[in-house]
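Trainee: Below are the sequence and a predicted model for it; my questions follow.
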Amino acid sequence: MSFSDEFKNFDVAAISAKIYRSTSADVRRALSKETASLDDFLALLSPAARDYAHELAARSREITLRHFGGNIGLYAPLYLSNECDNACRYCGFNSASSVGRKTLSEEETLREADSLKSRGFDNVLLLTGESSSKAGPAYVERAVRLLTDKFTFIGLEIFPSSRDVYRKFALAGASGLTVYQETYDEKVYADMHSSGAKKDFRMRLDTPGRALEAGFRRVGLGALLGLADWRVEAAFLGLHASYLADKYWRSDITISFPRLKKCASNFMPPRPVSDGEVASMIFALRLFLPRVGMILSTRESAAFRDSFVGWGITMMSAASRTNPGGYSGEETLEQFEVSDTRGVSEVVRAIEGRGCFAVFKDWDKSFGVARYD
């Protein structure tokens, strides 16, 4: 059974009602428990939980330090291509945008990689748009093989693929895959994706499972915050992550919190999410999923990111460029505006200033990969 099979059995209206009907007593009961159940998690996402923000934050900090020891992993995104065949309304790379397109050559990819290595990075996330003709499976596999000796951990944020294709990526040296569902609301999803392969909601929903079955060590989930009700999105993120953690227990699961930012499409989020609401989401998920890694990218401001060091977040990007060739000075279109523009050393000092540790390497390929054959 896949997660899309599980998803069909969820009563979305009932889950939403449970969140909004939770009381202060439900929140207090959830906070009193060592391990939060699903009902507890939904209560922690409720409006009633706003009165317990300090208690929720304190529990999140306690759990984070217990399981992660104050370590904050650092990584960098490396954009290989901004070519895309999809027409996602919220994305600056969408096929309808009249922007300059670029796909890096091998020489340009190595130049970007060397720039990141010189800054200390050993964990890199390779990103492309979703264009099978410009930056398809063969292109991605070559890029992974090209960089596998430079970086200990190579993650991918690319087009959804089959298990067999993911197996090729894993054998080439990729260890992680990030795939945002974008939204777990099927009606909103259909409205946001009018054309392209990305229209297939359930195919995307099962992508993380296919990657783990193919030998990836880590998968990252996320919902684009601003498309739908953040409380319901958080509930399904938690359910999705919990399902994967139970079924693929040898692997690592991470959750990101990407808020929609200004981009070339000039898309305005229909359901904007405040700083406090992102915080509530992070804290509730931490209590429900104590061992899941949580990531804040440079989409967020320096002050906002720093406030979560030791309080739920376990990974951060630094000195990011969100366009192909950005580390080498290329001025192609960025996917979104970066808010935290600090250099790597500034981010490290901020982490250490809060009594935590900036970690550039926490994995080695010699440890092997998880197998689910």
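Mentor: Nice, I can see it.
Trainee: can we go C-alpha only for contacts and neighbour counts from here?
Mentor: Will do.
Trainee: Tell me, what's the model's pLDDT at the residue nearest the centre of the chain?
Mentor: For the chain, the residue nearest the mean C-alpha position is residue 256 (3.4 Å; CA atoms, centre = their mean). You'll see residue 256 listed with a pLDDT of 98.
Trainee: That one contacts residue 294, correct?
Mentor: Yes - Residue 256 lies in contact with residue 294 (CA atoms under 8 Å); the separation is 5.9 Å.
Trainee: Distance check, residue 243 against residue 59.
Mentor: 23 Å (CA to CA, to the nearest Å).
Trainee: Between these two, tell me which one has more neighbours.
Mentor: Neighbour comparison, residue 243 and residue 59: the larger count goes to residue 59, with 19 against 16 (by other CA atoms under 10 Å).
Trainee: hang on, the more buried one in a strand?
Mentor: No - under DSSP: H, G, I helix; E, B strand; the rest coil, residue 59 falls outside any strand and is assigned helix.
Trainee: how far away is it from residue 295?
Mentor: 18 Å.
Trainee: One more: residue 5?
Mentor: With CA to CA as the criterion, residue 5 and residue 295 are 27 Å apart.
Trainee: Please identify which of the two sits among more neighbours.
Mentor: A count of neighbours by other CA under 10 Å puts residue 295 above the other of residue 5 and residue 295, at 24 against 12.
Trainee: hey, which strand is longest across the protein?
Mentor: Longest strand in the chain by number of residues, with DSSP state E as the criterion: strand 71-79.
Trainee: Show the average pLDDT along it.
Mentor: For strand 71-79, mean pLDDT is 97.
Trainee: for stretch 269-278, same thing?
Mentor: If you average the pLDDT values across stretch 269-278, you get 95.
Trainee: List the buried residues of that stretch.
Mentor: Neighbour-count burial for stretch 269-278 flags 269, 273, 278 (criterion: 16 or more other CA atoms under 10 Å).
Trainee: ok, how many other residues are close to the nearest residue to residue 82 once chain neighbours are set aside?
Mentor: Excluding the flanking residues, the one nearest residue 82 by CA to CA, 6 or more residues apart in numbering is residue 129, at 5.0 Å. By other CA under 10 Å, 24 other residues sit near residue 129.
Trainee: got a list of what the residue nearest to the centre of the chain touches?
Mentor: Residue 256 is in contact with 220, 221, 222, 223, 294, 295, 296, 297, counting by CA atoms under 8 Å, 6 or more residues apart in numbering.
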